[in-house]
Structure formats: structure tokens, C-alpha cells
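Asks: Structural data only, the sequence is not supplied:
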């Protein structure tokens, strides 16, 4: 029986410090088959290594988020390369570009160099990448279009750009991450993306504790909220909920190489 696969969560976040064990222990009962917990900083990566050892259905990704790119240096890059060889580390991420908060040219160049360095780690290890891209559509696509940087197909996390750009990424083998934003009343662009692209290119994600879907918008997000995302996708694509769950689970397992 197919179960929901949450391809992008942050259960290492301090918002879960009081009840993390209770939440993670109840995933299966909530209909969640697998979760990939995604790193963003050196500290979060270290926490993820502990989590994947403790929970059978939790996998991990390690990487330095563009907003924490100051953490990336030759030592941390070497450490990421080393720990990413663990059998339950299935991707390098969350990596990418965030020009929303970084306004300086120097800072943006630093993000790009750090992004490239981590893509090279993924390529060396044969792992997919989890790409964060905010207000950086053109530069992100340009970097990921360079053949010398190509790695296994990855995922464009929390996709927020046009359907044309989504289709361009799909042609390059990338998956499109869809989460709670698609349920929002003002999310016309993302709804158009979901309608336009094949279900075989979509994976589900929470980005929890952030971006909870309607009707829970503004609260702490949890993997079980993906049922609302499933329902919205099913309505947009005129599909059954259970078919959306089954196909996106299969997509996610292919993305991360999980059997």
C-alpha cells in the first residue's frame, strides 16, 4: 500500500525540541511512509546524523543552505563529503541561492561559489541535489545547466517560478517539489505549474515546520498536513488522492534511490 513520502522536512528545527520523538514515532500511524530530513547548517546536519540512526523511516540530506554559507569552508566541505557516504544520506542539500535576503554582489557570489562546491560533492558521490532558489531564477538555472556540474537528477525545492521554467528543469531530469503553498488562495502561479507538468515529475514536501497548508496555514507544519496538498493536486489534475500518493511516492524513491 502506497504511503505519503515527505521529501523535505526539518524535524531537527528547535520548534520540535519538546515533542520531536512523539511526532516521529507517530509517522506511520499518520500514513507517512518515509521522510527525508534536510540539512541547512553544520548543526542541523549533525542532528540529522543522529535522527537517521534512531528512526527506520527517516533518511537524511546534508548540505549548507545559502543563508548559512558562512559555515562552508574546506573543513566543513570535507566533513559533508565524509558523512554523505552513510547509506541513509540520500542527497546533498539544502543548497542553492537566496537573493531575497542577500542583496550584496559579494554575498551573492559567495553563495554561487558555495553552491558549485556542493554540487561537485554530489557529483563525486553520485547523489542528487536538493535546490533552494529564491529570487534567483536566472542564475540558478544557468548554473544547473552547465554540463560540468551535472549530477544525478535532483529536486527544485519549494518551486516558486513559472511553468515554463518548471518544464525546462524537467527536461533536464529534475523533479519539482510541491508543498503547502499550492493550497493557498493566492497561489495561482504554482497551481498553473501543477496543472501543466506531469504528475511523474512532482514530489511532495512539507518544509516543516514552515509553510503549513490551508486550513492550517500559520501553524507549525507537520508531515501529516501533506494530505491537504495531495487533495489540492488531485483536484488540479483530476486524479484520485490515492493515485497522487502512489505516484509521488514512486517519484520520491526514484529521486533518492530508495527501494
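Replies: Looks like it came in fine. All figures in this text were calculated on a predicted structure; none of them were measured in a lab.
Asks: In this structure residue 242 contacts residue 4, no?
Replies: No - Residue 242 is beyond contact range of residue 4, at 10.6 Å (criterion: C-beta atoms under 8 Å). Heads up, the C-betas are built off the backbone N, CA and C, glycines and all.
Asks: Between the two, tell me which one has more neighbours.
Replies: Counted by other C-beta atoms under 10 Å, residue 242 and residue 4 do not tie: residue 4 has more neighbours, with 25 against 12.
Asks: Contacts only, for that one.
Replies: Each residue near residue 4 by C-beta atoms under 8 Å, 6 or more residues apart in numbering is listed here: 31-33, 204, 223, 226-227, 230, 245, 248-249.
Asks: Across the sheet, point out what pairs with it.
Replies: Counting by DSSP bridges, residue 4 is bridged to residue 32.
Asks: how much space is there between it and residue 62?
Replies: As judged by C-beta to C-beta, to the nearest Å, residue 4 and residue 62 stand 23 Å apart.
Asks: again, but for residue 26
Replies: Distance from residue 26 to residue 62, by C-beta to C-beta: 25 Å.
Asks: Ok, residue 6 next?
Replies: To residue 62, residue 6 is 17 Å away according to C-beta to C-beta.
Asks: Can you get me the start-to-end distance on stretch 139-158?
Replies: End-to-end distance for stretch 139-158: 17 Å, by C-alpha to C-alpha, to the nearest Å.
Asks: got the buried residues for it?
Replies: 139-141, 143-144, 151-158 (16 or more other C-beta atoms under 10 Å).
Asks: export those residues to JSON lines and tack on secondary structure, distance to residue 108 and pLDDT?
Replies: Putting these into JSON lines (DSSP: H, G, I helix; E, B strand; the rest coil; distance: C-beta to C-beta, whole Å; pLDDT from 0 to 100) gives the following:
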{"residue": "139", "secondary structure": "helix", "distance to residue 108": "8", "pLDDT": "97"}
{"residue": "140", "secondary structure": "helix", "distance to residue 108": "11", "pLDDT": "97"}
{"residue": "141", "secondary structure": "helix", "distance to residue 108": "15", "pLDDT": "97"}
{"residue": "143", "secondary structure": "helix", "distance to residue 108": "12", "pLDDT": "95"}
{"residue": "144", "secondary structure": "helix", "distance to residue 108": "16", "pLDDT": "95"}
{"residue": "151", "secondary structure": "coil", "distance to residue 108": "22", "pLDDT": "72"}
{"residue": "152", "secondary structure": "coil", "distance to residue 108": "26", "pLDDT": "81"}
{"residue": "153", "secondary structure": "coil", "distance to residue 108": "26", "pLDDT": "84"}
{"residue": "154", "secondary structure": "coil", "distance to residue 108": "21", "pLDDT": "96"}
{"residue": "155", "secondary structure": "strand", "distance to residue 108": "23", "pLDDT": "98"}
{"residue": "156", "secondary structure": "strand", "distance to residue 108": "19", "pLDDT": "98"}
{"residue": "157", "secondary structure": "coil", "distance to residue 108": "19", "pLDDT": "98"}
{"residue": "158", "secondary structure": "coil", "distance to residue 108": "19", "pLDDT": "97"}
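Asks: Between all of these, which two are separated the most?
Replies: The most widely separated members of these, counting by C-beta to C-beta, are 139 and 152 (21.6 Å).
Asks: returning to what we had before: out of residue 26 and residue 62, which sits in the busier spot?
Replies: Using other C-beta under 10 Å as the criterion, residue 26 and residue 62 rank with residue 62 on top: 31 against 14.
Asks: who's that one bridged to?
Replies: With beta bridges defined as DSSP bridges, residue 62 has these partners: residue 92.
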